[in-house]
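A.B. asks: Pasting a predicted model and its sequence here:
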Amino acid sequence: MTILETPRLLLRRWGERDIVPMSRINADPEVMRWIGGGATRTEDETKTFIERCEEMWETQGFGLFAVEMRDAGELAGFVGVSVPTFLPEVMPAVEIGWRLDRSFWGNGIATEAAKEALRFGFENCDLSKILSICQIGNGASERIMQKLGMYLNRETIDPSCGRRVRIYAIERQV
């Protein structure tokens, strides 16, 4: 089972214990503001999401990690790489994304986790290019993308919700 470690975090596979805390994160309108159409998710929808994350790991060999705080064992959210099927114009592609509980915003957790997930994608999954997609106006996510060394690739419309998005990219360094 793949587990990645950073000074403050464990990036690990999902388990039953993650359903309730991830449900709380997905039920927060401020967290979900920039996700698709901005709708919150129920506990059942979160459980289905976690099941799909685990299926992705089994079928593709990569996916979204549960991000756990090493000191407290608390679920902070997720980070990882996935296939952005919601945006057909970029396919085939792999995207890095993240979603954290608001209590973890602004202290470098997303950047720390995303750096490790990028390393994993390039070194362990042999990916040559990784995208990241955010809705225009989501300055916090855009700043993380820039801290990761990603560059603005283009702007387009997310057909799943009609919102404008920016697509950032980074290539594996040879």
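C.D. replies: Received it, and whenever you're ready, just let me know what you need.

A.B. asks: alpha carbons only for contacts and neighbour counts from here, please
C.D. replies: Fine.

A.B. asks: Any buried residues in the helix or strand in which residue 22 is found, and which?
C.D. replies: Counting by DSSP states H and E, the element that carries residue 22 is helix 19-26. Within helix 19-26, the residues that count as buried by 16 or more other CA atoms under 10 Å are 19, 21-26.

A.B. asks: wait, which of those residues is closest to residue 116?
C.D. replies: Among those, residue 22 lies closest to residue 116 (CA to CA), at 20.7 Å.

A.B. asks: correct me, but the closest one touches residue 46?
C.D. replies: Yes: between residue 22 and residue 46 there is a contact under CA atoms under 8 Å: 6.9 Å.

A.B. asks: Need the residues that contact stretch 49-65.
C.D. replies: Stretch 49-65 has contacts (CA atoms under 8 Å, 6 or more residues apart in numbering) with 11-14, 19, 78-82, 121, 125.

A.B. asks: change it to 6 Å
C.D. replies: Stretch 49-65 has contacts (CA atoms under 6 Å, 6 or more residues apart in numbering) with 11-13, 78-82.
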